[in-house]
Structures are given as structure tokens and as C-alpha cells.
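*Asks:* Pasting the sequence and the predicted coordinates here, then a few questions.
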Amino acid sequence: MSGFNRHPWLKWEQVEKFLGQKLPFAEKGQTFLDNMTWAEGYVQDMLKKAMPGFDANISTSGSIGTEIFETHEHVIIKVKIAKDEDPRALQVFVKSSQIKLTGFVNGKPRIIKLTTLVLPRTANVRYKQRLLEIKVRKRALKENYHEAYIRY
């Protein structure tokens, strides 16, 4: 079966009405189930509409601002460090799903949840002009923290 007849239990008109837009079809005879690349953009748009002040890639935690973005092979985390913090006291621990920063003046560790799984042992950390940049390769299954040493 091809196109609409492949899934007779789906009523495309009802799905389009629920979504509030026409479903994208890439090529003749290809349904939206064959090419789901449009779904990520749709979900991001719906999240922005539901939570207008929320940006999935930028978050702040206490006295630090955090920016997370991805390339094809890496996740890059940029952390702004306050003036009163001692960068040489900081420690970075990388887990496959999050990063823990310790050594802050107030003694509280900061946890940064990652948008995708990473390989903890591939972490590369640099500190320059009050900006801590952590670069880690994507995908891993290990759940243990691994300390990433800071280069000065």
C-alpha cells in the first residue's frame, strides 16, 4: 500500500485539524510518517507557544549563565563565571547526561543537564575571560562522572 492507504486507521484530516496545520509531504506517494524531520521544528514551536519565556538551549543557574548548543559530533556548553569566583578552584565533572561544576565560593555544586548523551572521557574544558567552555563528543551509555581538567 502507498500513501494514505498504507495506514487506513489514520484519519489525516483529523490529525491536520488537531495539529492546526497541513501535514508536510516530501515527495509524491510519501507520507509524513516516512520523513519525520519536520516533527522537531513543530515540537519546538509548540513548546515556545506553551511557555513563551522558555528557551530550551539557554538556562541560568544561580550566579552562572549557561548556554548549551550542539554540532553534529559535539555538545558545547558555555558557562559565564562571576567575577568573585576563583577559576582555579573550579572542577568540572562530566557524566553522560549532565555536568557537575564544583568549587564555587558558596560551596554549592551546579548541575547542568545536557540535551543529548555524551562521552564523558572526551571532555575538553577551557577557561578564558570568565567563560568556561566545555566541549564533549556526543553519545555514551556510561553513567559515571569523569573529571575534565581545565586548561589555563
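*Replies:* Structure's in. What do you need?

*Asks:* give me the low-pLDDT residue ranges for this structure?
*Replies:* 1-10, 12, 22-41, 51-64, 140-143 (pLDDT under 70).

*Asks:* what domains does the record give for it?
*Replies:* 3-50, 58-151 (automatic domain parsing).

*Asks:* Return the most buried member of these.
*Replies:* domain 58-151 (a mean of 15; mean count of other Cβ atoms under 10 Å). For the C-beta atoms, the positions are set from N, CA and C on the backbone; glycine is no exception.

*Asks:* so who does the closest residue in space to His146 that isn't next to it in sequence touch?
*Replies:* Nearest-residue entry for His146: Pro120, 3.8 Å, with adjacent residues in sequence omitted and distances by Cβ to Cβ, 6 or more residues apart in numbering. Residues near Pro120 by Cβ atoms under 8 Å, 6 or more residues apart in numbering: Val94, Lys95, Ser96, Val136, Ala140, Lys142, Asn144, Tyr145, His146, Ala148.

*Asks:* The second one contacts Tyr145, correct?
*Replies:* Yes: with contact defined as Cβ atoms under 8 Å, Lys95 and Tyr145 form a contacting pair (4.8 Å).

*Asks:* could you measure Ile77 against Asp84, distance?
*Replies:* According to Cβ to Cβ, to the nearest Å, Ile77 and Asp84 sit 21 Å apart.
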